[in-house]
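Novice: here's my sequence, what's the structure:
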Amino acid sequence: MKKVISPDCPDCDRPEDIHHLLVECVRNEAERWEIFSRFPILRQVGGCNGALSQPLSDEIFFYSRFYKKFGFPGVLACVHGTHVALVRPSEHEERFFNRKHYHSRNVQIICDSDLNIFNVDATFGGASHDAYIWRQCALNQHVQELHNNGENLWLLGDSGYPLRPWLLTPIVNAHPRSPEEHYTNVHCRTRNTVERCIGVLKARWRCLLVHRVLHYDHHTVAKIINACCVMHNMANRARLAVPELSQTDFEAERNQQEPHGQPQYGPSESQLLQNGRQQLATIVQRLWRNRT
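Specialist: Coordinates of the predicted model:
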């Protein structure tokens, strides 16, 4: 493996390459994030099991970038799911057969305002809904804890995600020229960041396009997806040009991705939903007052 930096690891005198730093040597979460601070392009790519637990100064950096670009306050990141097709698996086929009637992994992507992926979860099959994957993600719990500690920050998701004080969704069928419509327009413009991120990811690594079915077992497919996300961040950091997708590829991809639908709220979620509506109403009025 190519060395990232020249010195050997001070702890065990082995070459200090990326794999050694993140897998063989790092012993705890604090050390892991110290490593990520030295290699920002690798910032939490590889699944939700490690969870985002960056210092608060990093969180402030992320949501200030969104505000400067789009005028939407408090946005830490944007979240979205995308399907990557694979051949029929030999085990647990029902977990991978999605609503578009092909086998896939439903990949959760979370990105910053510069289209860098700092969290990817490729562990779920295509039968899993975006909202279900988000509920299992440790980042969900982390952002909830930040909210409970008084931090006014949130992620943006489409209407397939459950509304929460820390996860804001668009207002469906808002009245024309109303504060709610203005909020939804700003929300969609900001949240489109993650859709553009996924588009760039798949334009660079076209094996991830739905009609380019991956002929590997589902475990290998997950590793391929994670590797492509790491290389996507490397390409962004190097400011490499993004190849254009043909209209045929673009249409095929759009037609084979699932519609997001609407989340189902259980009785135990009523208070969280109410709190989310209150938070959303506050943001609606703030954006309406600050409109130009």
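
Novice: what's the separation between residue 210 and residue 134?
Specialist: 21 Å (Cβ to Cβ, to the nearest Å). For every residue, glycine as well, the C-beta is placed using N, CA and C.

Novice: who's more crowded, the two?
Specialist: residue 134 (24 against 20; other Cβ atoms under 10 Å).

Novice: need the pLDDT of that one.
Specialist: Here, the pLDDT recorded for residue 134 equals 95.

Novice: quickly list the domain ranges of the protein.
Specialist: 1-38, 43-289 (automatic domain parsing).

Novice: buried deepest among these, which one?
Specialist: Greatest average neighbour count among the domains of the chain goes to domain 43-289 (a mean of 17), per mean count of other Cβ atoms under 10 Å.

Novice: residue contacts, residue 69?
Specialist: Contacts here follow Cβ atoms under 8 Å, 6 or more residues apart in numbering; on that basis residue 69 touches 113, 190.

Novice: just to revisit the earlier point, least reliable of the domains of the chain by average pLDDT, please.
Specialist: Looking across the domains of the chain, the weakest by mean pLDDT turns out to be domain 1-38, at a mean of 41.

Novice: assumed residue 79 was part of a helix.
Specialist: No - checked against DSSP: H, G, I helix; E, B strand; the rest coil, residue 79 lies outside a helix; its state is strand.

Novice: now do the same contact list for it.
Specialist: Here residue 79 is in contact with 108-110, 134, 155-157, 161, 167, 194 (criterion: Cβ under 8 Å, 6+ apart).

Novice: the protein: strands as residue ranges?
Specialist: 75-85, 104-111, 117-121, 154-156, 167-168 (DSSP state E).

Novice: okay, these in CSV with distance to residue 68 next?
Specialist: Shown next, in CSV, are these (distance: least, Cβ to Cβ, whole Å):
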stretch, distance to residue 68
strand 75-85, 11
strand 104-111, 16
strand 117-121, 18
strand 154-156, 16
strand 167-168, 18
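
Novice: closest one to residue 130 among those strands?
Specialist: Among the strands of the chain, the nearest to residue 130 by Cβ to Cβ is strand 75-85 (3.9 Å).

Novice: that closest one pairs with which strands?
Specialist: Strand 75-85 pairs in its sheet with strand 104-111 (antiparallel), strand 154-156 (parallel), by DSSP bridges.

Novice: now the ones you listed as TSV including distance to residue 178?
Specialist: Shown next, in TSV, are those (distance: least, Cβ to Cβ, whole Å):
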stretch	distance to residue 178
strand 104-111	29
strand 154-156	20
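
Novice: so how far is residue 116 from the residue positioned nearest the centre of the chain?
Specialist: Geometric centre of the chain, nearest residue: residue 110, 1.4 Å, by Cα atoms, centre = their mean. From residue 110 over to residue 116 the distance is 10 Å, taken as Cβ to Cβ.

Novice: now do residue 225
Specialist: 16 Å.

Novice: with residue 137 instead?
Specialist: To residue 116, residue 137 is 18 Å away according to Cβ to Cβ.

Novice: show me the contacts for residue 117.
Specialist: So residue 117 contacts 45, 109-111, 197, 201, 229, 232-233 (Cβ under 8 Å, 6+ apart).

Novice: just checking, the residue nearest to the centre of the chain touches residue 194?
Specialist: Yes - with contact defined as Cβ atoms under 8 Å, residue 110 counts as touching residue 194 (7.3 Å).

Novice: now for these two: what residues contact both?
Specialist: Both residue 110 and residue 194 are in contact with 77-79, where contact means Cβ under 8 Å, 6+ apart.

Novice: in TSV, list those along with distance to residue 251.
Specialist: Formatted as TSV, the shared contacts of residue 110 and residue 194 follow (distance: Cβ to Cβ, whole Å):
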residue	distance to residue 251
77	28
78	24
79	25
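
Novice: would you map the helices across this protein?
Specialist: Applying DSSP state H to the chain gives helices spanning 18-19, 29-38, 56-70, 130-136, 138-148, 179-204, 218-237, 247-256, 270-289.

Novice: will you turn those helices into TSV that also has distance to residue 96?
Specialist: Below are the helices of the chain laid out as TSV (distance: least, Cβ to Cβ, whole Å):
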stretch	distance to residue 96
helix 18-19	29
helix 29-38	31
helix 56-70	33
helix 130-136	14
helix 138-148	23
helix 179-204	19
helix 218-237	6
helix 247-256	14
helix 270-289	30
